[in-house]
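*Asks:* I would like the atomic coordinates for the input below:
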Amino acid sequence: MWAVATLTFFAIRLIPGDPAQAILGGPGSQASQEALDQVRRDYGLDQPLLVQYFAMLGRLLTGDLGDSYALKVPVAELLGAQIGGTLLLAVLSLALAWVLALALSLVSTGRGRIATAVGEGVELTAAALPQFWLAAVLIAIFSTGLGWLPPVATGTPSGLVLPVVTLAIPLAGFLAQVMRESLLDAMAQPFVISARARGESAVGVRLRHTIRHAALPGISLSGWALGWLLSGAVVVETIFAIPGLGRTLLQAVTLRDIPVVTGVVLLIALVYVVMTVLTDVASRIADPRLRQEAGR
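*Replies:* Here you go, the predicted structure:
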């Protein structure tokens, strides 16, 4: 969290523009030099950069994210109003990515060279798809062409379908690649050979024995995946006009709204840290071997 706050603080100051002008309404505000100087004094922007940095850390340690330069509201209040939609989008996308990855891995692994080659090709293609391009293709097909789904968010479940699919497909391709390797390793283990010797079908072995082992890498990567989805929401929320953290972050960067940028990035980092801990716990629950190692 400290590293994220530090990198954000110094990175945003590389963006051209004057924060004081952003506070007074942007370049079009035509603020006087006296007004700009007064704002710099009030917000400490006339202090050396290191002084501003340590002042920011002091505020963050007390839980004070400051006020938005552009909207003149507390950053915590602004984030609280936006995080719900972004988290819903990210969680639904992660769930769909999991379903697609597991289905692709189970269907194509261990079923001959052709099925394996096709599965690997689908995984690589999905993982390499740029989100902005995929969103444009989905809108062209299902909104403009077929008219089945709205091209922007409408506040209804149908308005979330295309954004969720846009985020889920590339992630599913990546997760499927990882799960395939784990599934192949599990299928070569003695317990699988014993199960087949007892007369269990190939489908039964996959569903009862190997699927849990194939899911372990995906569980471990879910914390990273959720953080990746939250960052990917910047593109998707902008394309589909979804109110959320992504659009808020983009607007804040454009306006040099430093408190909002810092707050959004820190919130995403916090979600990533919490999810990483939870996925570690889930991995230990799913794999008894990890619990035994922890017991030693």
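*Asks:* tell me the contacts of the residue nearest the centre of the chain?
*Replies:* When the chain is reduced to its mean C-alpha position, the closest residue under CA atoms, centre = their mean turns out to be Leu229, at 2.0 Å. Counting by CB atoms under 8 Å, 6 or more residues apart in numbering, Leu229 touches 89-90, 93-94, 167, 171. For every residue, glycine as well, the C-beta is placed using N, CA and C.
*Asks:* count of residues packed around the residue lying closest to Leu92 once chain neighbours are set aside?
*Replies:* With sequence-adjacent residues excluded and distances taken as CB to CB, 6 or more residues apart in numbering, Leu92 is closest to Val164, at 4.8 Å. Using other CB atoms under 10 Å, Val164 has 23 other residues around it.
*Asks:* contacting residues for Val164?
*Replies:* 89, 92-93, 96 are the contacts of Val164 under CB under 8 Å, 6+ apart.
*Asks:* Most neighbours among those residues, which one?
*Replies:* Within the contacts of Val164, neighbour counts (other CB under 10 Å) peak at Ser93, which reaches 29 neighbours.
*Asks:* What helix or strand is the nearest residue in space to the residue nearest to the centre of the chain that is not next to it in sequence located in?
*Replies:* In this structure, Leu229 finds its nearest non-sequential neighbour in Ala90, 4.0 Å apart by CB to CB, 6+ apart. Secondary structure assignment for Ala90, by DSSP states H and E: helix 75-108.
*Asks:* what about that helix, average pLDDT?
*Replies:* Mean pLDDT, taken over the full extent of helix 75-108, equals 84.
*Asks:* Tell me where the stretch 151-296 of the chain has helices.
*Replies:* Secondary structure of the stretch 151-296 of the chain (DSSP state H, counting those that start in this stretch): helices located at 158-187, 190-197, 202-205, 211-240, 245-255, 258-286, 288-295.
*Asks:* Would you mind putting those helices into JSON lines with mean pLDDT alongside?
*Replies:* Formatted as JSON lines, these follow (pLDDT from 0 to 100):
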{"stretch": "helix 158-187", "mean pLDDT": "81"}
{"stretch": "helix 190-197", "mean pLDDT": "64"}
{"stretch": "helix 202-205", "mean pLDDT": "60"}
{"stretch": "helix 211-240", "mean pLDDT": "76"}
{"stretch": "helix 245-255", "mean pLDDT": "81"}
{"stretch": "helix 258-286", "mean pLDDT": "81"}
{"stretch": "helix 288-295", "mean pLDDT": "54"}
